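1. sequence and computational prediction follow.
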Amino acid sequence: MTTENPATRSQRRIPDLGRHPAQASAISDGDVLAVHTRGLTKRYGPRTVVENLDIDIPAGVVAGLVGPNGAGKTTTLRMLLGLVRPSAGGGTVLGAPLTSPAQYLGRVGALIESPAFYPNLSGTRNLMVQATLGGLNPARIPALLERVDLAGRAQDLYRTYSLGMKQRLAIAAALLGEPALLILDEPTNGLDPAGIRDMRGLVRSLADDGPTVVISSHLLSEVQQACDWLVMIKDGRSVFQGSTAQLLASGGDELVLGCQHPADLPRLSDLLTRRGLHWARDGSRLRVSLLQLQAELEQAGGLSDQIAEINKAAMAEDLILIELTTTHASLEDQYETLMAADAR
Amino acid sequence: MIRSLRAELLKLRRPSIIYGAGGSAVALALLATIVTFTTAKARPPQVLRVAASLTTTLAQLAGSGGLSRGFSIAAGVLGLLVFVLFMTSVTTEYGLGTIRVMLIRQPARSRLLAGKLLALVCCVAAALLLAEVLSIGAAVALAHARGISTAAWFTGPGLRHAATDYANALITATCYGVTGAAIGVLVRSTPLALGLGIAWLGPVEHILQLSWSNAAKWLPGLLFNAIATGGTASSYQRALIFSIVFSLVALAIGAASFLRRDVST
């Protein structure tokens, strides 16, 4: 296993981000990284769960670790938390080497898989146990319970808590040490829609306080709303990492055009071609990438102006458009595209 | 290690442990004392198949060892209780997933394990002390009821005897506990650990004893029990040395597993 220089106490800065073109422009030379791994690998016998994983998560972002079930998300987080030893590779967390978790775990709060507490102790007592074990200040416990909206049930036994309350207690526990890095593994798992909404709000408010937040999830809509940085993994390998906005902007948004008479579609496509636009036929519609359209628009005003121009040109040629809409790609669309590309 | 010890004590300081495990220890000691005093005979039984160690005479109870005789008899069973307590204390951490949280809060695994074991030993020491004190109280009351003289009890030799019985019970419990914790660390599953541990220390060792005359010199459970009962001078010394060696080996294997294995539960 390769190791990092233990003397590197400050958070690491790296210039080159490896395989994905999107990455190189996503992190600049001077970015401080909260998590950095190179060639991280975990094998259980002949089975490789995580394979040569390179991750770079800038400090201060809310990062989503995304992938299907069994992709290696939890194993990766376990390696970051010192629970599982990497079979190969290495990296740093908050500037300290993965091989010495004691150097950084004091500044890390984590919820791994499901909330884990003692069922016969109260919420407060459970947090007391963790604070004592970690050498942390127990005076913060009431405020933390207040923050996660558990103050009213603080003295009740943990076993009487609902799943949402258990998740919130786990968040409070993760915040005990005023962490610089918060790792939340599937924090919305098993929650109802209201619980998911509350958890999303809580995570956002936590991020506002400054720590880097890493959320593992397979719920893409959640990640899209909560995360500004993405690491997508599949079969233990990274298939994308970069900013969420960048990924969403990298393709998929389209202008959709439909004619009153499908027989007019060839004329409409000619019109688009004459304007230098590439189109794709989708049944009785034509689709044009908004990225392409935007590129065309560098010298031609705004997007809406360009769309209006297309509409006017179509009317001038007696083409009646019954559909002229823009569609925005969701993270799910992009995810599917990336996963499919990786499979090929 | 101190943080780990204090955290463990916080967990143990709850009604189910205090009234459950502590109460069981006290109840066993009291039961053994009551049975010992109520079944004590004037003379040793003539039936040879009755093991001498299982019978108590009124004369023995009137001696300096009578004060803690009942507690001493219970010590072996108390050891088994401690074995289960230590074992489940470890396996429950894996079952609940709290081991993850503990290791994130205290990544120095050796300190975590040492603090946990030390806290458990402290609790066991306190429970045994309480059990012996209450057992002695019951012995005094039962001695009066049966007309047994207590003149030799509260003398120097009598109190030394009681202290020795306490020390033996604590050593026995610690040996049992460490072995139980080691099995818990290795197996990580409460039902499996309990099945293996209880089966070995109970039926398996006693079946082996029936067919192997030297079983009591080598098998850990029988050796631990030999410390609890005091044994003869030579058998006690051997039992003490071998029990400590067994426990240290179990601890070393358990600790090596705890330090090196991944936590993927």
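-> Good, I have the coordinates.

2. phi first, then psi, for residue A:230.
-> Geometry field for residue A:230 lists phi and psi as phi -130, psi 140, criterion degrees, to the nearest 10.

3. residue B:257 and residue B:184 touch, don't they?
-> No: taking contacts as CB atoms under 8 Å, residue B:257 lies outside contact range of residue B:184: 10.2 Å. Where C-beta positions appear, they are placed from N, C-alpha and C, glycine not excepted.

4. these two touch, right, residue B:253 and residue B:186?
-> Yes: with contact defined as CB under 8 Å, residue B:253 reaches residue B:186; the gap is 7.0 Å.

5. neighbour-wise, which of the two wins?
-> Neighbours per residue, other CB atoms under 10 Å in any protein chain shown: of residue B:253 and residue B:186, the larger number sits with residue B:186, 18 against 14.

6. on the three-state scheme, the nearest residue to that one once chain neighbours are set aside is what?
-> Leaving aside its sequence neighbours, residue B:186 sits nearest to residue B:257 (CB to CB, 6 or more residues apart in numbering or on different chains; 5.4 Å). With DSSP: H, G, I helix; E, B strand; the rest coil as the basis, residue B:257 sits in helix.

7. how many residues are close by the residue of the stretch 151-300 of chain A found nearest chain B?
-> Closest to chain B within the stretch 151-300 of chain A is residue A:173: 7.1 Å, counting by CB to the nearest CB. Residue A:173 has 28 neighbours, counted by other CB under 10 Å.

8. wasn't residue B:148 part of a helix?
-> No: when classified by three-state DSSP, residue B:148 is found to be coil rather than part of a helix.

9. number of nearby residues for the residue nearest to residue B:186?
-> Residue B:257 has 14 neighbours, counted by other CB under 10 Å.

10. again, but for residue B:155
-> Residue B:155 is flanked by 13 other residues according to other CB under 10 Å.

11. what's the closest non-adjacent residue to it?
-> Counting by CB to CB, 6+ apart, residue B:155 lies nearest to residue B:64, which is 6.5 Å off, once chain neighbours are set aside.

12. what's residue A:169 in contact with, if anything?
-> A:115, A:117, A:123, A:126-127, A:145, A:148, A:150, A:158, A:161 (CB atoms under 8 Å, 6 or more residues apart in numbering or on different chains).

13. which of the residues you listed sits closest to residue A:178?
-> Using CB to CB, residue A:127 comes nearest to residue A:178 of the contacts of residue A:169, at 13.8 Å.

14. go ahead and confirm that closest one touches residue A:143.
-> No: counting by CB under 8 Å, residue A:127 does not reach residue A:143; the two are 11.1 Å apart.

15. these two: which has the busier surroundings?
-> residue A:127 (26 against 11).

16. measure the more buried one to residue B:73 for me?
-> 43 Å (CB to CB, to the nearest Å).

17. same thing with residue A:309?
-> 100 Å.

18. could you do residue A:232 as well?
-> Residue A:232 is 66 Å from residue B:73, by CB to CB.

19. these two: which has the busier surroundings?
-> residue A:232 (26 against 23).

20. contacts only, for that one.
-> So residue A:232 contacts A:66-67, A:238-241, A:335, A:338-339 (CB under 8 Å, 6+ apart).

21. where are the low-confidence patches of the chain?
-> Answering for chain A, as no chain was given. A:1-31, A:249-252, A:291-301, A:329, A:340-344 (pLDDT under 70).

22. I was after chain B.
-> Looking along chain B with the criterion set at pLDDT under 70, you get B:44-54, B:231-234.

23. close to chain A: what parts of it are there?
-> B:3-4, B:6-7, B:10-11, B:14, B:16, B:96-98, B:100-108, B:112, B:262-264 (CB under 8 Å from any CB of the partner chain).

24. in helices only, show me the residues you listed.
-> Per DSSP state H, helices hold the following members of those: B:3-4, B:6-7, B:10-11, B:96, B:98, B:100-105, B:112.

25. what ranges does chain A have for its helices?
-> Taking DSSP H to define them, one finds helices in chain A at A:21-26, A:73-80, A:123-134, A:141-147, A:163-174, A:193-208, A:220-226, A:244-249, A:265-274, A:290-296, A:303-316, A:331-343.

26. can you name the residue of the stretch 101-250 of chain B nearest chain A?
-> Residue nearest to chain A within the stretch 101-250 of chain B (CB to the nearest CB): residue B:105, separated by 3.8 Å.

27. that residue: what's it in contact with?
-> For residue B:105, the contacting residues are A:105, A:130, A:133-134, by CB under 8 Å, 6+ apart.

28. how about the residues you listed, which pair is most distant?
-> Farthest pair in those, by CB to CB: A:105 and A:130, 12.4 Å.

29. can you tell me which of the residues of chain B next to chain A are buried?
-> B:3-4, B:6-7, B:10-11, B:14, B:96-98, B:100-108, B:112, B:263 (16 or more other CB atoms under 10 Å in any protein chain shown).

30. just the CA coordinates of stretch B:6-19, formatted as CSV?
-> Extracted C-alpha coordinates of stretch B:6-19, given in CSV (Å, rounded to 0.1, in the frame of the first residue of the first chain):
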residue,chain,number,x,y,z
ARG,B,6,-15.1,6.0,31.5
ALA,B,7,-17.3,5.5,28.4
GLU,B,8,-17.8,1.9,29.2
LEU,B,9,-18.7,2.6,32.8
LEU,B,10,-21.3,5.1,31.5
LYS,B,11,-22.8,2.3,29.5
LEU,B,12,-22.7,-0.2,32.3
ARG,B,13,-24.3,2.2,34.7
ARG,B,14,-27.9,1.3,33.7
PRO,B,15,-30.7,-0.6,35.4
SER,B,16,-30.6,-3.6,33.2
ILE,B,17,-26.9,-4.2,34.0
ILE,B,18,-27.1,-3.2,37.7
TYR,B,19,-30.2,-5.1,38.5
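
31. tell me how far that stretch is from the chain's mean position?
-> 19 Å (CA atoms, centre = their mean, to the nearest Å).
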